[in-house]
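>>> no sequence on hand, only this structure:
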């Protein structure tokens, strides 16, 4: 696990398809696709988010708390070849992420309630998760599913991502369910634009993105999907 926290800026915007096409066309000439994007320039992300018995992650986000954290298991392209348990940390305007690779068997054990697989003293993040699950009853809450189109720019170490087709798995907790009936959590015309950077965004990128003309998005994908649950399936917070 990478124990060194690398805090970065993160900006989020909700844009429509027309804005996406315009900005994406500009990015094609100014930035490169992420090396993991493949021939299509996209990849699929599915995350299983966790929260404790008090729904702390949900309520802190809704309450605008500046310092908070979230836990999730993330897979790519619906495969089990690369699985990470991640902790996303927010401090004011900065974000950082810690992650630890885990196996499919470990995921299956966690979902089945066998949290002892996380009691690994030489892996601090897994041990932290073990204690959160044991003492704070941290448990799976919702699957968040979407397609990501990522661009990177070395100047300023900027990462620009377009997240499309945001869907929620409702009460499902099986990340690998090939028959998962994920349903749209937002209008399919809407796309989430995220911009992450270290110290600065080069002026030519800022001009191409036209950030000043966009409306920042306050709700996270996790909150959007949890609120969908509450609205559509009578989830009791």
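Cool, got the structure. This structure is a prediction, so every number in the text was calculated from the model and none was measured.
>>> could I get the buried residue list for whatever helix or strand residue 208 lives in?
Secondary structure assignment for residue 208, by DSSP states H and E: helix 203-209. Within helix 203-209, the residues that count as buried by 16 or more other C-beta atoms under 10 Å are 205, 208, 209. (Glycine included, C-beta is placed from N, CA and C.)
>>> my understanding was that the second one contacts residue 28; is that so?
No - counting by C-beta atoms under 8 Å, residue 208 sits too far from residue 28 to count as a contact (10.3 Å).
>>> residues in contact with the helix or strand hosting residue 27: which ones?
Residue 27 belongs to helix 17-30 when assigned by DSSP H and E. Helix 17-30 is contacted from outside by 15, 149, 151, 153, 160, 162, 189, 191, 193, 204-205, 208-210, 214, using C-beta atoms under 8 Å, 6 or more residues apart in numbering.
>>> for stretch 167-174, same thing?
Contacts of stretch 167-174 (C-beta under 8 Å, 6+ apart): 48, 111, 140, 142-146, 180-185, 224-225, 228-229, 233.
>>> now the end-to-end length of that stretch.
End-to-end distance for stretch 167-174: 15 Å, by C-alpha to C-alpha, to the nearest Å.
>>> stretch 203-216 now?
19 Å.
>>> mind checking how far that stretch is from the chain centre?
How far stretch 203-216 lies from its chain's middle: 22 Å, per C-alpha atoms, centre = their mean, to the nearest Å.
>>> average pLDDT for the longest strand along the chain?
Ordering each strand of the chain by length in residues (DSSP state E) puts strand 139-153 first. For strand 139-153, mean pLDDT is 95.
>>> and it, what does it pack onto?
helix 17-30, strand 32-33, strand 43-51, strand 158-168, helix 221-233 (3 or more C-beta pairs under 8 Å, 6 or more residues apart in numbering; DSSP states H and E).
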